[in-house]
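>>> could you work out the structure for the sequence below:
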Amino acid sequence: MADTDIWRCATCGDEHGGLATVFGPFEPDAWASATDSQRERGEINRDMCVLPDGETTHYFIRGELQLPVIDADLDVFAWSVWASLSAPNMKMTVEHWEDPERAGLPPMFGWLSNWLMPYDPPTTNLAVNVHTRAPGTVPLIQLDPSIDHPLVREQVDGITIHRVAELNRLLLAG
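The predicted structure follows:
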């Protein structure tokens, strides 16, 4: 394996070989651009984010946006992303967070809350459905398939192992 096939995981800090199969920001874009005052009144953890903004409060949940890999044993490439939720949907999510039956909750509408840099036009505010899964597993983020966007096409049609390598090259170069 060449030195270029080694990469450092931002989550665990260890070095790994081969292609990375999960990328994504640690926070919703709104949190990244929030003022210190907003962050002091807000809260963020590994899975959820609450961000006050004047008279409004924004709610976000982290989930996995999967792209099927169609020509390799690699099952999926995933974007770890944040999606907005309405206050009632966030309340329902929190109430069922440890509930073994939470995977049975109905999908919840939201907006993708990250600009994934390899994509143009930006991915921020693409319509999504958030599907909860069993406790310990982040929700599944499904883009609205009727939207004409490269990321939507990749989720619907899948990507090749070459595209996974291309994303690795773009995202790990730095």
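>>> give me the beta-bridge partners of the nearest residue to Pro107 once chain neighbours are set aside?
Using CB to CB, 6 or more residues apart in numbering and skipping residues adjacent in sequence, the residue nearest Pro107 is Asn129, 4.0 Å away. Where you see a C-beta, it was placed from the backbone N, CA and C, and this is true even at glycine. Using DSSP bridges, the bridge partners assigned to Asn129 are Phe109, Gln142.
>>> for Asn129, give me its contacts.
By CB atoms under 8 Å, 6 or more residues apart in numbering, the contact set of Asn129 is 107-110, 141-142, 144.
>>> any of those buried? List them.
108, 110, 141-142 (16 or more other CB atoms under 10 Å).
>>> quick one: the one helix or strand Met92 maps to to chain centroid distance?
If you go by DSSP states H and E, Met92 is part of helix 87-95. Here helix 87-95 is found 18 Å from its chain centre; the criterion is CA atoms, centre = their mean, to the nearest Å.
>>> list the contacts of it.
Applying CB under 8 Å, 6+ apart, the set of residues contacting helix 87-95 is 48, 50, 57, 59, 61, 85, 102, 105, 108-110, 130, 132.
>>> which one of those is nearest Glu40?
Nearest to Glu40 out of the contacts of helix 87-95 is Val50 (CB to CB; 12.2 Å).
>>> does the closest one sit in a helix, a strand or a coil?
Secondary structure assignment for Val50 (DSSP: H, G, I helix; E, B strand; the rest coil): strand.
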